[in-house]
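In: using only what follows, build the 3D model:
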Amino acid sequence: MSARTSESKSIRLGVIGYGYWGPNLLRNFAATPGVQPVMLADLDPDRLAKARALYPVLETTTDADEVFGRDNLDAIAIATPVSTHYPLAKRALECGKHVLIEKPMTATVAEADDLMGLAGAQRRCLMVDHTFLYNPAIRAIKELIVNGELGDILYYDSTRINLGLFQRDVSVIWDLGPHDFAIMDYLVGKPPTSLTAVGSRFGRDQASVAFVVAKFADATLAHFHLNWISPTKVRRIIIGGTQKMVVYDMALPEEQVKIYDKGVEFIAREGVHQTLVQYRIGDMYAPQIPNMEPLALMCREFVDAIRENRPPLTDGAAGQRVVKLLTAAQRSLECEGTPVLLM
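Out: The predicted structure is shown next:
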């Protein structure tokens, strides 16, 4: 690590992209102790003018090459379309910068692998902004799973639906899927063996609705409903375990996480009916979840990983796994639901 990233000096940051997500990144990094946003690049002069009004000392440019050419920058955050992630991140790593990339990490698995190798060779931090993994509610569920309170995971069911926003260049899988694939990868903690996806374009070039099923070696099953044309907005995850079950619902801020002491036991028996189903009905409780902005925690993790010279929670490997799932789901979708093997 360079001397500049020691505890005594601020990490000087450049940001590329100030469209939908860039303003959120810049706002949170500006409020993160130990970070000094120095330069912003975007192709739209009007966006840059808005940024300068909020951050008068911030240097701005319409040419990303100026960001790469600055020797006094320690890190670069990239919030641009996915098709540009690989060339921009590769250039930043080659210039010796730590890199944060907006999700999904890259457009192909090969690109993700190349960035991981380059980051390792350069000894630089490569991190993906899988913001939901820093949500205190998701972290609370992870703790339940790690502590064994749910028992073995039987199934994972995720719904992410809303009316718009339609993306012209990618399917609903590549737009909404990165969130839920990253959460599943983090919570379940094991790779699926195959993916199956079906969907429909409804007259568009890209699918607007998709249903994805992931199978695991131990019979665990995961299901994802991704939809741009729902009349209601739903963000819900249900996880069924052998001991307890969990529901995560973003629409209920006071009770985002509900834990149900309910389950089903299958008891083997001799005779005609070889299996007896026994239901367990217990209490439900909703733990108190800290009210902290996930993006702020993500920015803090980027800084801490750089200072402590360690991989961040959502490192390049985590980003690569999500890209692998997205690629497999899209391939199955285009092959009318043919399963794609992952192992």
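
In: the closest residue to L144 other than its chain neighbours: neighbour count?
Out: Sequence neighbours aside, L150 is the residue nearest to L144 in space, at 5.8 Å (criterion: CB to CB, 6 or more residues apart in numbering). Using the backbone N, CA and C atoms, a C-beta is placed for each residue, glycine as well. As a burial measure, L150 scores 22 neighbours (other CB atoms under 10 Å).

In: you'd agree L150 is in a helix?
Out: No: counting by DSSP: H, G, I helix; E, B strand; the rest coil, L150 is not part of a helix but coil.

In: any idea how far it lies from A318?
Out: Per CB to CB, to the nearest Å, L150 is found 22 Å from A318.

In: likewise for R236?
Out: 23 Å.

In: which of those two has more residues huddled nearby?
Out: Neighbour count, other CB under 10 Å: between R236 and A318, A318 has more, with 20 against 16.

In: surely the residue nearest to L144 touches G241?
Out: Yes: with contact defined as CB atoms under 8 Å, L150 reaches G241; the gap is 3.1 Å.

In: and the pLDDT at the residue nearest to the spatial centre of the chain?
Out: Nearest to the mean C-alpha position of the chain, counting by CA atoms, centre = their mean, stands H130 at 2.8 Å. H130 is assigned a pLDDT of 98 by the prediction.

In: that one reaches P178, doesn't it?
Out: Yes: the pair H130 / P178 is scored as a contact, 7.3 Å apart, by CB under 8 Å.

In: need the overlap of contacts for the two.
Out: Common neighbours of H130 and P178, using CB atoms under 8 Å, 6 or more residues apart in numbering, are 103, 322.

In: all helices for the stretch 1-150 of the chain, in order.
Out: Ranges of helices in the stretch 1-150 of the chain, per DSSP state H, counting those that start in this stretch, are 22-30, 45-54, 64-68, 82-94, 109-122, 136-146.

In: cool, the stretch 151-300 of the chain as well?
Out: For the stretch 151-300 of the chain, the helices defined by DSSP H, counting those that start in this stretch cover 172-188, 294-308.

In: what angle do helix 136-146 and the last one make with each other?
Out: Taking axes from the mean of the first three to the mean of the last three CA atoms, to 10 degrees, one finds helix 294-308 and helix 136-146 inclined to each other by 70 degrees.

In: on that earlier part again, got the contact list for the residue nearest to the centre of the chain?
Out: H130 makes contact with 103, 178-179, 182, 186, 298, 314, 318-319, 322, according to CB under 8 Å, 6+ apart.

In: how far away is it from G14?
Out: H130 is 21 Å from G14, by CB to CB.

In: which stretch among the helices of the stretch 1-150 of the chain comes nearest K258?
Out: helix 136-146 (10.6 Å; CB to CB).

In: which elements pack onto the closest one?
Out: Packed against helix 136-146, as judged by 3 or more CB pairs under 8 Å, 6 or more residues apart in numbering; DSSP states H and E, are the following elements: helix 172-188, strand 229-241, strand 245-249, strand 257-260.

In: name the nearest residue to L195, sequence neighbours excluded.
Out: Closest to L195 by CB to CB, 6+ apart is A328, at 4.3 Å.

In: neighbours of P37, just the number please.
Out: P37, neighbours per other CB under 10 Å, totals 23.

In: from what I see, it and Y18 are in contact.
Out: No: shown here, P37 and Y18 do not form a contact pair, counting by CB under 8 Å, at 11.4 Å.

In: output the below-cut-off pLDDT ranges for the stretch 201-343 of the chain.
Out: Applying pLDDT under 70 to the stretch 201-343 of the chain flags residues 266, 268-277.

In: quick one, domains of this structure?
Out: 3-124, 133-292+324-341 (automatic domain parsing).

In: of all the ones you listed, which lies closest to I306?
Out: So among the domains of the chain, domain 3-124 is nearest, using CB to CB, at 5.2 Å.

In: what about V257, neighbour count?
Out: Neighbours around V257, by other CB under 10 Å: 21.

In: neighbours of R307, just the number please.
Out: Using other CB under 10 Å: R307 sits among 15 other residues.

In: where in the stretch 1-150 of the chain is pLDDT low?
Out: In the stretch 1-150 of the chain, residues with pLDDT under 70: 1-8.

In: next, the contact list for the nearest residue to N291 once chain neighbours are set aside, please.
Out: Distances taken as CB to CB, 6+ apart put P136 closest to N291, at 7.8 Å, once the chain neighbours are dropped. By CB under 8 Å, 6+ apart, P136 lies in contact with 289-292, 294, 297.

In: ok, 7 Å please
Out: 289-290, 292 (CB atoms under 7 Å, 6 or more residues apart in numbering).

In: any of those buried? List them.
Out: For these, a neighbour count by 16 or more other CB atoms under 10 Å gives the buried set as I289.

In: before we move on, back to that, and the helices of the stretch 1-150 of the chain as JSON lines, adding distance to A214?
Out: Shown next, in JSON lines, are the helices of the stretch 1-150 of the chain (distance: least, CB to CB, whole Å):
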{"stretch": "helix 22-30", "distance to A214": "29"}
{"stretch": "helix 45-54", "distance to A214": "38"}
{"stretch": "helix 64-68", "distance to A214": "36"}
{"stretch": "helix 82-94", "distance to A214": "21"}
{"stretch": "helix 109-122", "distance to A214": "16"}
{"stretch": "helix 136-146", "distance to A214": "17"}
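
In: surely A214 touches L195?
Out: Yes: A214 is in contact with L195 according to CB atoms under 7 Å; the separation is 5.3 Å.
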